[in-house]
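K.L.:
Any chance you can model this:
(2 chains)
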Amino acid sequence: MHFSSTKEELLNAIQVVQRAVSLRNPLPILSGIKFETGEGSVTISATDLELGISCSFPAEVSEQGKTVLPARVITELARRFPDVKIFFKSDPLNGSVIIQYGKSEASINGYPVEEFPEFTIPADNTKFTISGEILKDVISQVIFATARDENRPLYTGILFEINNSTANIVATDTHRLAWRKILLDDIGDLDINLIIPGKTLNELTRVAGLSDRLDITVAENQVIFKTENICLISRLIGGNFPNYRQVIPSEYISKTRLKTRDLIEASERASLLTREGAPIIKISIENNILVVSVNTEAGRMREEMSVYHEGEGLQFAFNARYLNDALKAIGTDEVVLEFTGPLSPVIIKPVEEMEYLSLLLPVRLREES
Amino acid sequence: MRCPILLADMNSFFASVHQAMEPRLQGKPVAVGGDPAKRQGIVLAASYEAKACGVKTGMAVWEARSLCPNGIFLKPRYSYYVAFSARVIRIMKDFTPLVEPFSIDEAFLDLSGCDHFFDSSLTASLELKRRIKEETGLMCSVGVGPNKLLAKMAAGMQKPDGLTVLNFGDVPGKMWPLPIKELFGVGPRLEKRLNDLNIHTIGELAHYPLSVLRKRFGLIGHVLYLSANGIDYSPVDPHSLEKVKSIGHQLTLPRDYRGYRQIEVVLLELCEIVCRRVRLGGFVGRTINLTLKGADFLWVSRSQSVGLPTAFTNDIYRVATALLHRHWPAWKPVRMVGVSLAGLVKMTSEQPDLFGEVEKAHLLHTVCDQIKDRFGEQSISRAVSFTPDGVCRNKNRGDNCG
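P.N.:
As a prediction, this is how the structure comes out:
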C-alpha cells in the first residue's frame, strides 16, 4: 500500500468514521480504523458491530493495499500533523505503516487486516433515495421521544413505516410519542417497516451533509445509508412497534395557542424547584391565561402568560422535561396544544399546517398519604 | 459547654440484652449467632466473657465453639433488641431532645443549651451511664467531644463501660497515631485506596495535601481530610433515621446457584419483596443495586438508575437482570443475592404511558398488595417461587421472604 493525501482530507474522513470506533470492546481489532485504497481514493472504516461507518477521500494511490491502524493514535496524529502532504506506505519488513509528513516520519504498528469485520450487503435488498435535508429535519423532530433505557431496546429506535410514496416516522418511549409524515418521490410501490436505532440516526445527522442525497438500502436486519463518499451501516431493531395510530386522538375538546419560548422558559424555571428525576409542574388555563406553578419542599413558584384558548378551562400536571423536549423539537415560534381529556394525551403541534405532532401524557397526581 | 456532643455505644449489645433478661447468663460467655441449621452461622455479638476466650464478632459459629467450649450460643431475638434500644433512647431523651439514633446500639446526644441542667458533659455522661445501667441493666461506652466525629472516636477508645473526652487539643496526641481504618467513615475499601497513597495513620491523612485528596476522592476526600483533623460540621439530627433512603433485601441461598436461569428466579423473588416494601412505604425509587456473593466469598455490587422512579417489580427486575448479565459471569456459582432500591421519594405522581402498560401494572400491584394486606405476605406469590429454585415457598426458608 502506498498513497498520499492532504491533512485536511484525511482528518475529515477520520472524524467521520471515528464515531463508530469501539474503544471498550474485548475485540482489539474494533479499536482500529481500516484503510483500503481504491482508484484515486482511499476508504477508511470503523465499526463496533452495531454500527459501521466508512468514508472515502481523494488520494494519489501508487500501490494498492489495505491495513488497520489503531484509531486513537491515528486520530490524534492526524489532528496534529502539519499542513503538508502526508504519505502512507506499508513496510514490507514487519507489516507496519510508515507515515511521512514533511521531513518527518513515523512508523505505526497495525492490526492484522484479515481480522477486521467485513461490511457485507446481502444481495437480496430494497433500495430507495431520500433527501438528506429532509431526513435530518425529520430525525431532529422525533428523536427526543426515543427511550434511553437499553433494557427496552424496541423503544430506543425510530419507526420508518414506508408505504408507496409516504413515510410515517414515529418514536416513543411509551410516555410520549412523536410522529411525522413525509412524502417520498419516485420510490415506487415500496411497503416496509424499519426500526432504526436512535443512535444510528443521531450519528447519521452528524456525518451526512445537508445537500446529500441519501441512498438507503434495506436488507434482512441491516440498513445502509450512502452518500457520495460516506457509507453508514447499522443493524435494525427487531420486534413489533406498538400500534401508534390507535393512541393518536382524532379530536380534541379544547385547544390553546401560545408562544413556544414563553412556555419553555417558564417550565424550565419552575422545574428548578422540583426534585431530580421527577420535575412535575402544574399547568392551568382559564380565561386566556396559562399559569405554570409548582409547590414543593424547596419552595413555590407561579408564572402567568397570555394565550389564546378555545374551550373550557383546565388543569394538568406534566413532567417538565418531557414537555420541554417536545416544545424544543417543534422549532416554530408558536405552538398549539390540543387537549383531549383530563388523563388523555395532550397533542403538541406547530401552528402551521404540517403533518407533525407529538403526544404527551399528563402525570397523574396521587394523594400523599 | 465546650464539648456538648455525646455518643453512647452499648457494649456487646445483643449479648448484653440476653444477659440482662436472663440473670443465669450473667458473668458467663454468651455468643449470639445464626441458627446452626442455616448457612449464615456467624457470631453477631459476644459478651466480654466470651471475647476473653477469643470469640470475635463475624467469626463462624463452629470456630467460636471450638475456642469457647463452655460458651452459651443463642439464636438472635431481634424483637428484644429493638425493645431495649427504644428504652435506652427514651432515657436519653430525658437529657436532651436532640437524640440521633445512629444504629440499633448507638446514639448521638447534643447537650448544647442544657448547661443549667448539668455542671458539665462529664457529669451528664456519668448520670446517663448510671441510669442506663440501673434501668436496663446494660453497660455503655460514652464518648464526649465538641462534634459528632470526635464523640464517636472517643467512644471507641475505651471499652467496655468507658467514658472518654476528646477535644480538639487531643487530636494530635490521641487520634493521629491510630491506624487509618479507625477513622470514622473509613471502610476496608477506602482503607486500601488510602494505603495506596501511603496513608496508614490518621495523622498521615491529616497532613496530606488536600488538593490531591480532592482530586482522588472528590468531596469525600475533603470530608476525610477535615475528619482527620478532628473537624466535623454535621448536626445531631433527631430525624435522621426517619428519612428512608433505600430499601433492600438479601438472601443467602440454600445451596450454590449456577447459571442465570437459577439466579434469576431468586432475583425475581427478591425484587418482589423489595418492591412490596417500597410500595408499603408509599415510595418510588430510581436506583437499583444488585449485590452478589460467590462461593469464594468475593462479592460485587453494581447499580443502575432508571429515568422515572418506579416501584413496579418488573421494572426493577429488568434492570437487576441486566446488571447480573453485565457484571457476573454465567458459570460462577452464587451464594448470596441482594437487591435494593435507592433514591427513594414519596410517590406523589405517576407518569402513565400511551399503551396502558403502567395502568395495568398499577392495578395488578394494587390488587396483589391488597391480597397481601388482608391474608398475609405468603398468600399470593410469583409462580417462580414454586419451582425448585424458588426460595420463598420452600417451607424451611419461608421466614426469609416478606
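K.L.:
Please determine how far the residue in chain B that chain A sits nearest to is located from residue A:155.
P.N.:
Taking C-beta to the nearest C-beta, chain A has its nearest neighbour within chain B at residue B:353, 3.9 Å off. All C-beta spots, glycine's among them, are computed from the backbone N, C-alpha and C. Computed with C-beta to C-beta, to the nearest Å, the distance linking residue B:353 and residue A:155 is 10 Å.
K.L.:
how about the residue of chain B closest to chain A, secondary structure?
P.N.:
coil (DSSP: H, G, I helix; E, B strand; the rest coil).
K.L.:
so it touches residue A:175, yeah?
P.N.:
Yes. Residue B:353 sits in contact with residue A:175 when judged by C-beta atoms under 8 Å, with a separation of 5.3 Å.
K.L.:
shared neighbours, these two?
P.N.:
Listed as contacting both residue B:353 and residue A:175 by C-beta atoms under 8 Å, 6 or more residues apart in numbering or on different chains are residue A:361.
K.L.:
Would you mind listing what in chain B touches chain A?
P.N.:
By the rule C-beta under 8 Å from any C-beta of the partner chain, the part of chain B lying against chain A is B:282, B:286, B:306-309, B:318-319, B:322, B:343, B:345-355, B:357-358.
K.L.:
Can you tell me which of these are buried?
P.N.:
Using 16 or more other C-beta atoms under 10 Å in any protein chain shown as the burial test, those include B:282, B:286, B:306, B:308-309, B:318-319, B:322, B:343, B:345, B:347-355, B:358 as buried.
K.L.:
In strands, which of those fall?
P.N.:
B:286, B:306, B:308, B:309, B:345, B:349, B:350 (DSSP state E).
K.L.:
nearest residue to the fourth one other than its sequence neighbours?
P.N.:
If I follow you right, that is residue B:309. residue B:284 (3.9 Å; C-beta to C-beta, 6 or more residues apart in numbering or on different chains).
K.L.:
cool, the last one as well?
P.N.:
Taking C-beta to C-beta, 6+ apart, and ignoring the residues beside it in sequence, residue B:350 has residue A:364 as its nearest neighbour in space, at 4.8 Å.
K.L.:
where exactly do the strands run in the stretch 101-250 of chain A?
P.N.:
A:104-108, A:126-131, A:157-163, A:166-172, A:176-183, A:191-197, A:213-219, A:222-226, A:230-235 (DSSP state E, counting those that start in this stretch).
K.L.:
now those strands in CSV, with mean pLDDT, mean neighbour count and distance to chain B?
P.N.:
CSV is the format used below for the strands of the stretch 101-250 of chain A (pLDDT from 0 to 100; neighbours: other C-beta atoms under 10 Å in any protein chain shown; distance: least, C-beta to the nearest C-beta, whole Å):
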stretch, mean pLDDT, mean neighbour count, distance to chain B
strand A:104-108, 92, 12, 33
strand A:126-131, 86, 16, 27
strand A:157-163, 93, 21, 14
strand A:166-172, 94, 22, 7
strand A:176-183, 94, 21, 6
strand A:191-197, 92, 17, 16
strand A:213-219, 88, 17, 26
strand A:222-226, 92, 21, 25
strand A:230-235, 92, 21, 19
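K.L.:
Including distance to residue A:77, could the ones you listed go into CSV?
P.N.:
Output for these, formatted as CSV (distance: least, C-beta to C-beta, whole Å):
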stretch, distance to residue A:77
strand A:104-108, 7
strand A:126-131, 36
strand A:157-163, 36
strand A:166-172, 39
strand A:176-183, 41
strand A:191-197, 31
strand A:213-219, 31
strand A:222-226, 28
strand A:230-235, 22
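K.L.:
Report how many residues lie close to residue B:159.
P.N.:
16 (other C-beta atoms under 10 Å in any protein chain shown).
K.L.:
what sits against it?
P.N.:
Here residue B:159 is in contact with B:9, B:11, B:141 (C-beta under 8 Å, 6+ apart).
K.L.:
do the same with residue B:168
P.N.:
Neighbours of residue B:168 in contact, by C-beta under 8 Å, 6+ apart: B:146, B:150, B:230.
K.L.:
Which one of those sits in the busiest neighbourhood?
P.N.:
residue B:150 (29 neighbours).
K.L.:
mind checking the SS state of that one?
P.N.:
helix.
K.L.:
out of everything not next to it in sequence, what's closest to it?
P.N.:
residue B:166 (4.5 Å).
K.L.:
Quick check, the one you found in contact with residue B:144.
P.N.:
Yes. Applying C-beta under 8 Å, one finds residue B:166 in contact with residue B:144, separated by 7.2 Å.
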